[in-house]
Every structure is written in structure tokens, then in C-alpha cells.
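# using only what follows, build the 3D model:
(chains A and B)
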There are 2 protein chains.
Amino acid sequence: MNSNFNQYLTKLNQEIDAFPFGENPKELYEPIRYILSLGGKKLRPMLALMAYKLTKSDWESIVRPAAAVEVFHNFTLMHDDIMDNAPIRRGHATVHEKWNTNIAILSGDTMLVRAYDMLLEINPSILPQVLHRFNKCAVEVCEGQQIDMNFESRTSVSVEEYIEMIRLKTAVLLGFSLELGGMLGGLEKSNISLLYDCGINLGIGFQLKDDLLDVFGDKIKFGKQVGGDILSNKKTFLLITALDIATDEQRKKLDYWLTAVDYDNNQKVAEVTQVFQELNLETLANQKINQYFEKCHIALNHLSVDEIKKTELKEFMDYLINREN
Amino acid sequence: MNSNFNQYLTKLNQEIDAFPFGENPKELYEPIRYILSLGGKKLRPMLALMAYKLTKSDWESIVRPAAAVEVFHNFTLMHDDIMDNAPIRRGHATVHEKWNTNIAILSGDTMLVRAYDMLLEINPSILPQVLHRFNKCAVEVCEGQQIDMNFESRTSVSVEEYIEMIRLKTAVLLGFSLELGGMLGGLEKSNISLLYDCGINLGIGFQLKDDLLDVFGDKIKFGKQVGGDILSNKKTFLLITALDIATDEQRKKLDYWLTAVDYDNNQKVAEVTQVFQELNLETLANQKINQYFEKCHIALNHLSVDEIKKTELKEFMDYLINREN
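You can find the predicted model right below:
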């Protein structure tokens, strides 16, 4: 990452550390401090800062509303972890594990309200517009999570349905982050709309890449157990496509592992991965990912802003696109 | 209730019925429609409408922001019911019982965002102020719920602590409702502050009355099982005061029922109620309740608004104060 990126990260961390979320009762506020202290790359608020810098230079003045996006994101993680029964988040116990489910519900609720608080300093002339878009995004993230849960009990899901789910669950928040920076920077409507498109495509590519890294990533670089999605039978692009194009024999093998109850984890991951490899899925997925990243770049190219101003955002996107964790 | 009250209720119901909460996925939106259809007296938005009418007559123009308070209130009920493990709400299955906990979490989250949506039409010149106060209220309601849960595992709670808990959990939303109407009506700061005080005291009196009705209410009129708080060992004003002033013998009896594991529900309710009666708690509680209602009236009297304009609000408060359900 270039040195600007680190500077943004430092300021964002300072803003979040200093923000008065609250103190009492501690059961409500300690989990907020806890989840926000677990690190995370803060990609979303960084996108907001960089979109703002397309037109303005005083990015320090919007660190708080940018940080709101990160607080919102962590609220969704806290609640999603309950629903997904996830024990670990960023290498540490999840809030509902470390405290309990009730605390994770209520602390998450408080966090969502505080995200709104962090948006209130925005100029009143654009506040309704920003909140309207934020609310739309927030509701869509909930819709995406519900659709994702619905997929668990469905026997088949199409690639289109899967892409629509990750658009809602993941991409709209990247879209909003860029849009937020654009709105705060005073960009005109058509440019804001291009930024949003860029974020949507970046977000879909980003999630597809995540799915890919989950199977084909380097365990050390990826920082989490490789094959987690395979073990939980998650209907990702990889599994959906595999079931679509598999030979009868391969499908039989996949079906066996999808319904197996008592098995060795490593064996399941190895055998399913082998089918994925036979089907050349790494290449297929990379093609799909590149299509979305390409669309993201095209939207950015269409922005009517000095090319030189786009350099930083493009550099950051390349970093996101080429990431291995 | 006078005929205006019914008119408000009708318009509020229409607004809520017509509001585009969303459609898909249905698991997210059906629970929202469901909980909002269970009735409820809509006291909070009615307070907002009446506070608005202290200065303005076009109350129909603020039905949507007033309804936001009701939607927020129902969001808290949906999440509280999960935490309290409550099977029944307003005579019907709670959302987490009828669907499941995950749906109740996520549908509640969506509902909170929609409450914000309903506030967005407010004049941008006062929107930041309204949202600042709403956020403060929303966070305090969460704090109150957490403190209430904390009380369950504590051996003793003081009356002051209990009052502070119900101020947060219940009263601040009545305070905000009146404040909202005042802000929308363009009242000046000191008057808005008096309306808030009025709501806080009304809310505390209201909750104390609820506690009293739970024990001494008429089962038919109250519409729920009398003695629910006694069965769940809830540390209400009644139990806290009883433990404070009981004779040794009475305390022994209370301690017996508080720790009993296997018992007849009716017998527990009857015997604890008897101790409450011996201690004259109905009178003591009514004195306390009247103190708060008195403070509420005093705040209303201090409002620098034509006395005649206050009539409706006073009538509504008397209705709330004298309610038997």
C-alpha cells in the first residue's frame, strides 16, 4: 500500500478510538470497543476518503462520516456472527461467544444507532440525500443476509441468484462508501452514480475473490482456515458452477460430500477441491472476477474528473483486486 | 377517548399500513407487518401529534415522522422479546417464536432502519437536531434494556436504580415523542425541554402503573395474566419496596417464593400478593405514581402556550393516567 493509505488508516483508527460510543452499562459498550479493535482493513471508509479526494483535498474533515461506514459494517458482522453461529472473527472469539447472544443483539443495535450519529455532522443540505442512500444500503445488506440464510435450506441456487445475494450482502456497502465520498465532495449526480456502479462491481468481484481464496488461497497469507466454505457446504460461485458443469461421476462425489455426516475435515476439503480443480474452476472464477473488476474500471474511466485525480483510487482498487488475503 | 384520538389512531394505522417497508425476501418483511398489525395503543405517535398541535393544526402532515416512533418502539419489542424469551406479545406468538431468532434479529434490524427512513421527510433545517435527539433516545432505550437484564442476576436493586432503569427503557421514548412533536411544530427550546420533562415523568408513572396493574389489575381489563412479574421474580418497584420494608416473617415468605423451584403458579401469585397487601403497597405505589404524574402536569403547566391548546394533551394524559389496562 502507498503511504497515503497508511495515513488514512491511522486517522480512521484514531477517530474510531476517540468516538464517544458510551460507557455504561459496560455490557453494551465493551463489545463495541472489542469488535472495532480486532483490526480489519477498513477498506470501506478508505474508499469513501478516496472518492472524496476526487474533488477535495481536506479529507481529514470527513473522517467521522467515513468511519460511520466501518461502524455499520461491524454492526452487521456482530449480528451475522450470531445468525451464522460463528465462533471466531478475525482470529478472536465473536461477541456472542465471548459474552452472550443477548449482549451481541443489543450491543449491535447500539452500534447501528451510533453509526447514524457519526453521519450527523454532514452538511444539512445533503444530509437527507446521504441518509436516504445509507438507509437503502443498510436494508439491502439485511436482505442479502436473509437471502444467504435462505440459500442454506435450498437444494439449488443459480449463479445469477448467488451474484444478486452478494450484490446485496457485500457490494452495496462498497457502492455506498464510494457514493458517500462523492456526495460529500460535491460531485454531480451522474458521477456519483458512476462511483456507485464502480463500488457494486468492485464488491461483487471482491466477494467472488474471497470465495476463491477460501478454497485456493495460501493458508498463511489468507489468515483463516482454507476450505471453510467447503466444510459448511456454502453455495458459493464455485460449488454452484461445479454442480452445474460436473460429469455424473463428479456430481456423485460432490453429492456424497454435501450429505456426508461423519467425515474427516481435511479429506472433505481435499476431495471437493480436487473436483473443483478437475473442472478448471479457478480459471473460470478468475474470468468472472475479472469481468467485474473490468466493469469497475470502466465506470471509473467514465467519471468526468481529472485523470490524475483518479490515480489513487485506481491504485487502491488494484491493491484490492490483487490481494491474497 | 375523545373522537380526535380515534382520528389520530386511524391515520397512524393508515400510514403504517401503506408505508413501503419492502417485500422480498418475505422472511424479512412479513414479521414487520405482523408485529405492527398486532394492534397496540400507539400512544407514542399520538403524543407526538398532540405536542405538534400545541402550535399547528395540520397534524396530518407529520403522521409519517410520528409513526416512526411507533416503528422504532416495535423494533425494540421484537428484539426484547428474543432476549426475554417471551412467547407471547399482545396475545399472539412473538416473532422469534412464530419464525425463528435469526429472523427476529434481522427483521428487527430492518425495522430500525425503516424508522430512520420515516424521519427523512422532516425539514432539513431541523433534521440534524431531531436525529440527534432520536439517536440519544434510541441508545438509552438499549441501555435500559441491558440494565434490566443485569438486574435479573443481581440479588438487590434499589428503588433509585429501578426508576433510572425504567426512565431509560420506557420513559425517554415518551419524552422524545413529545419533543418530536414540539420540534416539528417549531416550539422554542425551553418549551421543547418542558415537553421532554413531561414525557419522562409520564413514562415513569406509566411504567410504575404497569407494574401495579400486573399485580392488582383486573384480569379481564388488563388483558394479560395477572401476576406475571411475580412469577418471573421481576424486581419491580413493588418487590423492591416490599423487601425493603418487610418484617422478618414477611421477608422469609418472600425469600421462600423467590427461590422456590417447584410450585403452583396461582399459589405463588396469591401469597406474594398477600404480602404486598399487608405492606399496603398498592397505596405506596399509587402515591409514587401520582408524584410522577404530578410532575408531568407541572411541566405542562409551565409551557408557554395558550392554555386552551393544552386541553387535548391534558385529556390524553388523564386517559393514560387513569387507564386500567
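# now do the strands in the stretch 1-150 of chain A.
A:88-89, A:92-93 (DSSP state E, counting those that start in this stretch).
# mean pLDDT lowest for which of these?
Of all these, strand A:88-89 carries the lowest average pLDDT, namely a mean of 91.
# ok, and what's touching that one?
With contact meaning C-beta atoms under 8 Å, 6 or more residues apart in numbering or on different chains, strand A:88-89 is reached by A:35, A:38, A:77, A:81, A:94, A:95. Every C-beta, even on glycine, is put in place using the N, C-alpha and C of the backbone.
# the same query, at a cut-off of 10 Å, please.
A:34-35, A:38, A:40, A:74, A:77-78, A:80-81, A:94-95, A:97-98, A:224-225, A:228 (C-beta atoms under 10 Å, 6 or more residues apart in numbering or on different chains).
# so which of the strands of the stretch 1-150 of chain A is the most surrounded?
Ranked by average neighbour count under the criterion mean count of other C-beta atoms under 10 Å in any protein chain shown, those are headed by strand A:88-89 at a mean of 16.
# so where's chain A shaky on pLDDT?
A:1-2, A:219-225, A:325 (pLDDT under 70).
# for the longest helix seen in it, which residues meet the burial criterion?
The helix spanning the most residues in chain A, taking DSSP state H as the definition, is helix A:189-216. Counting neighbours by 16 or more other C-beta atoms under 10 Å in any protein chain shown, one finds that the buried residues in helix A:189-216 are A:191-216.
# again, but for stretch A:48-66
Buried, per 16+ other C-beta under 10 Å, within stretch A:48-66: A:48-55, A:59, A:62-66.
# list just the nearest of those residues to chain B.
residue A:65 (12.5 Å; C-beta to the nearest C-beta).
# would you mind measuring from the closest one to residue A:122?
From residue A:65 across to residue A:122, the span is 6 Å (C-beta to C-beta, to the nearest Å).
# common neighbours of those two, please.
A:130, A:180, A:183, A:184.
# if we look at chain B, which of the residues you listed are close to it?
By C-beta under 10 Å from any C-beta of the partner chain, no member of these lies near chain B.
# nearest to chain B, out of these: which one, please.
residue A:130 (10.2 Å).
# now stretch A:106-124: buried residues?
Residues of stretch A:106-124 classed as buried: A:106-120, A:122 (neighbour count, 16+ other C-beta under 10 Å).
# brain fart, stretch A:307-325
A:310, A:312, A:313, A:316, A:317, A:320, A:321, A:323.
# out of those residues, which touch chain B?
Okay, of these, nothing touches chain B (C-beta under 10 Å from any C-beta).
# those residues in helices, which ones?
Those of those lying in helices (DSSP H): A:310, A:312, A:313, A:316, A:317, A:320, A:321.
# turn the residues you listed into JSON lines, including distance to residue A:16.
JSON lines is the format used below for those (distance: C-beta to C-beta, whole Å):
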{"residue": "A:310", "distance to residue A:16": "27"}
{"residue": "A:312", "distance to residue A:16": "22"}
{"residue": "A:313", "distance to residue A:16": "22"}
{"residue": "A:316", "distance to residue A:16": "20"}
{"residue": "A:317", "distance to residue A:16": "23"}
{"residue": "A:320", "distance to residue A:16": "21"}
{"residue": "A:321", "distance to residue A:16": "26"}
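# before we move on, back to that, let's have the buried residues of stretch A:307-325 in TSV, adding distance to residue B:173.
TSV is the format used below for the buried residues of stretch A:307-325 (distance: C-beta to C-beta, whole Å):
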residue	distance to residue B:173
A:310	47
A:312	45
A:313	43
A:316	42
A:317	44
A:320	42
A:321	46
A:323	45
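# let me know the closest of those residues to residue A:159.
residue A:321 (20.6 Å; C-beta to C-beta).
# assign a three-state SS to the residue nearest to that closest one when sequence neighbours are not counted, would you?
Sequence neighbours aside, residue A:293 is the residue nearest to residue A:321 in space, at 5.0 Å (criterion: C-beta to C-beta, 6 or more residues apart in numbering or on different chains). Following DSSP: H, G, I helix; E, B strand; the rest coil, the label given to residue A:293 is helix.
# tell me the contacts of residue A:293?
A:201, A:202, A:204, A:205, A:206, A:208, A:209, A:317, A:318, A:320, A:321, A:322.
# got the phi and psi for residue A:264?
When read as degrees, to the nearest 10, the backbone of residue A:264 gives phi -90, psi 120.
# what is the neighbour count of it?
10 (other C-beta atoms under 10 Å in any protein chain shown).
# which residues sit in contact with the closest residue in space to residue A:206 that isn't next to it in sequence?
Distances taken as C-beta to C-beta, 6+ apart put residue A:320 closest to residue A:206, at 6.2 Å, once the chain neighbours are dropped. Residues in contact with residue A:320, defined by C-beta under 10 Å, 6+ apart, are A:41, A:43, A:46, A:47, A:174, A:202, A:203, A:205, A:206, A:209, A:293, A:296.
# wouldn't the first one be in contact with residue A:8 here?
No. Using C-beta atoms under 10 Å, residue A:41 is not in contact with residue A:8, being 11.1 Å away.
# now for whatever helix or strand residue A:255 lives in, which elements pack on it?
With secondary structure defined by DSSP states H and E, residue A:255 is part of helix A:248-259. Under the contact definition 3 or more C-beta pairs under 10 Å, 6 or more residues apart in numbering or on different chains; DSSP states H and E, helix A:248-259 sits against helix A:228-231, helix A:237-245, helix A:265-278.
# now the last one, how far from the centre of its chain.
Here helix A:265-278 is found 26 Å from its chain centre; the criterion is C-alpha atoms, centre = their mean, to the nearest Å.
# sorry, back to before: so which of the strands of the stretch 1-150 of chain A gets nearest residue A:248?
strand A:88-89 (37.4 Å).
# what lines up beside that closest one in the sheet?
Neighbouring strands of strand A:88-89 in its sheet, by DSSP bridges, are strand A:92-93 (antiparallel).
# returning to what we had before: measure how the longest helix of chain A sits relative to helix A:265-278, angle-wise.
120 degrees (axes from the mean of the first three to the mean of the last three C-alpha atoms, to 10 degrees).
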